[in-house]
Structures are given as structure tokens and as C-alpha cells.
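> Got a sequence here, can you build the structure:
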Amino acid sequence: MTATGDDLTLRLGPRPMTFRLSHYDGDTFFYETVSENATGPSGVTFEGDENGRTTSVTIEALDANGLGTFRRP
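Numbers count the residues shown, from 1 in each chain. As a prediction, the model looks like this:
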């Protein structure tokens, strides 16, 4: 994830593609999937601790088998 001005972007893939995240509700954003794996809009949810630090991010399009949650150590 990268914040540039008011934009939040997500880079995915072995040949990184950049996706603009759009706010949906609370800590949930979404982006439009593309290519052969396109399934329409996909949610991206951020979770944090009591200090406001992001502790995990779940990317819905990658989470079909429970592998779409990334946790900060």
C-alpha cells in the first residue's frame, strides 16, 4: 500500500500492477480486479491496534483459501 496525496494504491502480482483503492466504509476500501482473474470489485480491509497502527490487511480477491490476510509481525 502506498499513500500519495489523497490516493491510496495497492501493488499486486509478479509483474506488479498498481490499483487505486476507493473508500467504501470505515476501514474498508475496494479496487477493480482485472485480467483473467477479474471478479469485479474486491474489498480491502485494514485492521489496527488501539494505538492506530495497522496490524493486518485482508484482500478479498486473494482470500478464497484464507491466504489473503497479511499480518504485520
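> and the closest residue to Thr69 other than its chain neighbours, what does it touch?
Of all residues not flanking Thr69 in the chain, Thr58 sits nearest, at 4.5 Å (CB to CB, 6 or more residues apart in numbering). Just so you know, the C-beta spots here come from the backbone N, C-alpha and C atoms, and that holds for glycine as well. Contacts for Thr58 were tallied using CB atoms under 8 Å, 6 or more residues apart in numbering; they are Gly43, Val44, Thr45, Glu47, Gly68, Thr69, Phe70.
> what sits against the fourth one?
With contacts taken as CB under 8 Å, 6+ apart, Glu47 has the following neighbours: Asp27, Thr54, Thr55, Ser56, Val57, Thr58.
> Also the first one?
Gly43 sits next to Tyr24, Thr28, Phe29, Phe30, Thr58, Ile59, Glu60 when contact means CB under 8 Å, 6+ apart.
> From these, list just the buried residues.
Phe29, Phe30, Thr58, Ile59, Glu60 (16 or more other CB atoms under 10 Å).
> residue nearest the centroid of this structure?
Val44 (3.7 Å; CA atoms, centre = their mean).
> That residue sits in which helix or strand?
Taking DSSP states H and E as the definition, Val44 sits inside strand 41-48.
> Not counting sequence-adjacent ones, nearest residue to Gly68?
Nearest to Gly68 is Leu62, by CB to CB, 6+ apart, at 3.4 Å.
> nope, Arg72 is what I meant
With CB to CB, 6+ apart, the residue lying closest to Arg72 is Thr55, at 5.4 Å.
> Which strand residues bridge the residue nearest to the centre of the chain?
Phe29, Ile59 (DSSP bridges).
> hang on, it packs against Ser56?
No - the pair Val44 / Ser56 is not scored as a contact, 11.2 Å apart, by CB atoms under 8 Å.
> And the strands in the chain?
2-4, 7-12, 17-25, 28-32, 41-48, 54-59, 69-71 (DSSP state E).
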